[in-house]
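K.L.:
Just to be clear, the model below is a prediction. Sequence and coordinates:
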Amino acid sequence: MKRAPTYACAGGPPDDWMDLKVWDVVEEAYVQDVVEVNTAEGWLIKHELGADGKPIVEGDQLRKVRVKGRFQLRYAEGKR
């Protein structure tokens, strides 16, 4: 079984970044809209969502937010 990395960024590294999911260890749930994550340092960057659940647009880009916590990278089912 392939071991999941501790760092991933959309677009790579690693090369198989699209097969990874981010798990919030405390909330016991997957985190959506993650752009970058470092599980060893305990942070992630994701698209910030508005009250309507849609990404917040600033100019021509989506707003991002940095979140501290305990995260784990996991390979999607069947992608190991």
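P.N.:
The structure has been received and is ready for your questions.

K.L.:
From the centre of this protein, point out the most distant residue.
P.N.:
Gly59 (23.0 Å; C-alpha atoms, centre = their mean).

K.L.:
Next one: the residue nearest the centre of the chain, what pLDDT does it get?
P.N.:
Against the mean C-alpha coordinate of the chain, by C-alpha atoms, centre = their mean, the closest residue is Val34 at 3.1 Å. Note on Val34: pLDDT of 97.

K.L.:
Now for it: which residues touch it?
P.N.:
Applying C-beta atoms under 8 Å, 6 or more residues apart in numbering, we find Val34 in contact with Ala10, Val22, Leu44, Ile45, Lys46. Just so you know, the C-beta spots here come from the backbone N, C-alpha and C atoms, and that holds for glycine as well.

K.L.:
quick one: which of those residues is nearest Val67?
P.N.:
Nearest to Val67, judged by C-beta to C-beta, of those is Leu44 at 5.3 Å.

K.L.:
Alright, calling it a day.
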